[in-house]
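Asker: Requesting a structural model of the entry that follows:
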Amino acid sequence: MGLEDRRGATDDVYQPAEDSYLLADAAVERLSETATDADAKPLVLEVGTGSGYVANRIDEETDANVVAADLNPHAVRQARDEGLEAVRADLVAPFADDALDAVVFNPPYLPTDPDNEWDDWMERALSGGEDGRAVIDPFLADVGRVLAPDGVVYLLVSSLTGVDAVVEEAGEYGFSAVALADESFPFETLTVLALYPARIP
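Answerer: Numbers count the residues shown, from 1 in each chain. Prediction:
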């Protein structure tokens, strides 16, 4: 799918598409399976929430406490309009160490020629730079810091970005990866990865 095909209903905020649905389904299913007693509701962060669709699904269909975050102020406003607790944030930078039970992320992953990128919020929502990993790389470098000891990351990756390359990089940051779901389209396959930090005995 081209960049123009992924534009949503507004000019400033990424709206739900196939990647959103796949990630939401996988995250909701896993978070429902791992639910604990009502006194220990997991704290879940969705990074790059866009319209808030994934965070809203998790909020409505699981017992988790959900926070939505996005660098785009228009996305934060839309997520708040959906009734979500939403904050403006650059990836996981403002969040405390060991604070989150799960982090969910549908990153900008489309490989993009820098000469063709838009200097606007939709370009930021879609473009993963030349290799598709310009946002995934710094995310993987820092997300382990904010995870609770038994935390998990649910990350959507496209075959255009290279799932094996992302898994290898995640491993360099101490994560083991499990593919939870995938869906094929004419020009790409989308995969939801669960990333588990290494446990130190």
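Asker: And the longest strand along the chain, what does it pack against?
Answerer: Counting residues, the longest strand found in the chain (DSSP state E) is strand 147-158. Judged by 3 or more Cβ pairs under 8 Å, 6 or more residues apart in numbering; DSSP states H and E, the packing partners of strand 147-158 are helix 18-33, strand 100-105, helix 136-146, helix 163-172, strand 189-197. To be clear about C-beta, it is placed using only N, CA and C from the backbone, and glycine gets the same treatment.
Asker: Reformat these as JSON lines; add distance to residue 56.
Answerer: Below are these laid out as JSON lines (distance: least, Cβ to Cβ, whole Å):
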{"stretch": "helix 18-33", "distance to residue 56": "9"}
{"stretch": "strand 100-105", "distance to residue 56": "12"}
{"stretch": "helix 136-146", "distance to residue 56": "21"}
{"stretch": "helix 163-172", "distance to residue 56": "26"}
{"stretch": "strand 189-197", "distance to residue 56": "18"}
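Asker: Most tightly packed of those?
Answerer: Counting by mean count of other Cβ atoms under 10 Å, strand 100-105 has the highest mean neighbour count of these, with a mean of 25.
Asker: Could you please name the strands that one pairs with and the direction of each pair?
Answerer: Under the criterion DSSP bridges, strand 100-105 sits next to strand 43-47 (parallel), strand 147-158 (parallel) in its sheet.
Asker: to the chain's geometric centre, what's the distance from that strand?
Answerer: Centroid separation for strand 100-105 versus its chain: 8 Å, with Cα atoms, centre = their mean, to the nearest Å.
Asker: quick check: angle from it to strand 189-197?
Answerer: Strand 100-105 and strand 189-197 are oriented at 160 degrees to each other (axes from the mean of the first three to the mean of the last three Cα atoms, to 10 degrees).
Asker: Please list the residues outside strand 100-105 that contact it.
Answerer: Here strand 100-105 makes contact (Cβ atoms under 8 Å, 6 or more residues apart in numbering) with 23, 27, 31, 42-48, 54-55, 58, 64, 92, 139, 143, 146-148, 150-156.
Asker: measure residue 99 to residue 162 for me?
Answerer: Separation of residue 99 from residue 162 (Cβ to Cβ, to the nearest Å): 30 Å.
Asker: Point to the helix or strand of the protein where mean pLDDT is at its lowest.
Answerer: Lowest on mean pLDDT, DSSP states H and E among the helices and strands of the chain sits helix 121-126, with a mean of 56.
Asker: dump the residue contacts of residue 82.
Answerer: By Cβ under 8 Å, 6+ apart, the contact set of residue 82 is 51, 52, 56.
Asker: tally of neighbours for the second one?
Answerer: Read it as residue 52. Using other Cβ atoms under 10 Å, residue 52 has 26 neighbouring residues.
Asker: what's near enough to touch it?
Answerer: Contacts of residue 52 (Cβ under 8 Å, 6+ apart): 46, 68, 75, 78, 79, 82, 84, 86.
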